[in-house]
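*Asks:* Structure of the sequence below:
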Amino acid sequence: MMINAWDVVFFFLAGLILLSALGVVFIRHPVYSALSLLANLCVTAILYLSLMGAPFIAMVQIIVYAGAIMVFFLFVIMLMNLSKGEYQERAVPWRLLLGLGAAALFAFQIFILAGEWRGVLSPGAGGFGVKALSHFIFTRYILAFELVSVLIFVAALGAVALAKKKL
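*Replies:* Here you go, the predicted structure:
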């Protein structure tokens, strides 16, 4: 089996993505955890740009997620004004089990959807690009897409409510 240069690039970027994702989960300080998420988003954009040949999705990844969403996350973290003892207590075993269960459910959903996405993203099925991807998201999965935005908004309101209680 021959390994080409693109395989090496993929495994290197995938390793960086995995390490930064583990940093998001296991770093106890919330600001450093958010910075690890920022690193994850930037390396993912590099993966989109270099291996997938999708510069538009890479730039959207940087502008929307690494820019706007990360500012939003950091704003909420700073608004909550956690003291050192509060964020050191977040590694409770039942929360870890709940997180692992959610991750397993997410992985199962990804494997289920992989067959459907393969048809949309393959060059032979109408082309690889933003048009095919956006048509797929905004027709078949529009409800899930909108529910994610509502979930993020409710999480921000909850953070503001928690921060107000402390004042």
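*Asks:* Any chance of the backbone angles for Leu51?
*Replies:* When read as degrees, to the nearest 10, the backbone of Leu51 gives phi -100, psi -30.
*Asks:* And the closest residue to it other than its chain neighbours, how close does it get to Thr44?
*Replies:* Ranked by Cβ to Cβ, 6 or more residues apart in numbering and with sequence neighbours excluded, the top spatial neighbour of Leu51 is Phe10, at 5.7 Å. C-betas here are computed from N, CA, C, even on glycine. Distance, Phe10 to Thr44, using Cβ to Cβ, to the nearest Å: 12 Å.
*Asks:* got any residues that touch both of those two?
*Replies:* Residues touching both Phe10 and Thr44 (Cβ atoms under 8 Å, 6 or more residues apart in numbering): none.
*Asks:* Okay, now the unreliable bits of this structure?
*Replies:* Within the chain, the segments meeting pLDDT under 70 span 1, 81-92, 94-96, 109-130, 165-167.
*Asks:* how about the helices in it?
*Replies:* Secondary structure of the chain (DSSP state H): helices located at 5-26, 30-50, 55-60, 70-80, 84-88, 93-121, 130-139, 142-166.
*Asks:* now, of those, which is deepest in the fold?
*Replies:* Across these, the average number of neighbours (mean count of other Cβ atoms under 10 Å) peaks for helix 30-50, which reaches a mean of 18.
*Asks:* if I pick the residue nearest to the spatial centre of the chain, what's in contact with it?
*Replies:* The residue lying closest to the centre of the chain (Cα atoms, centre = their mean) is Leu41, at 7.0 Å. Residues near Leu41 by Cβ under 8 Å, 6+ apart: 61-62, 65-66, 70.
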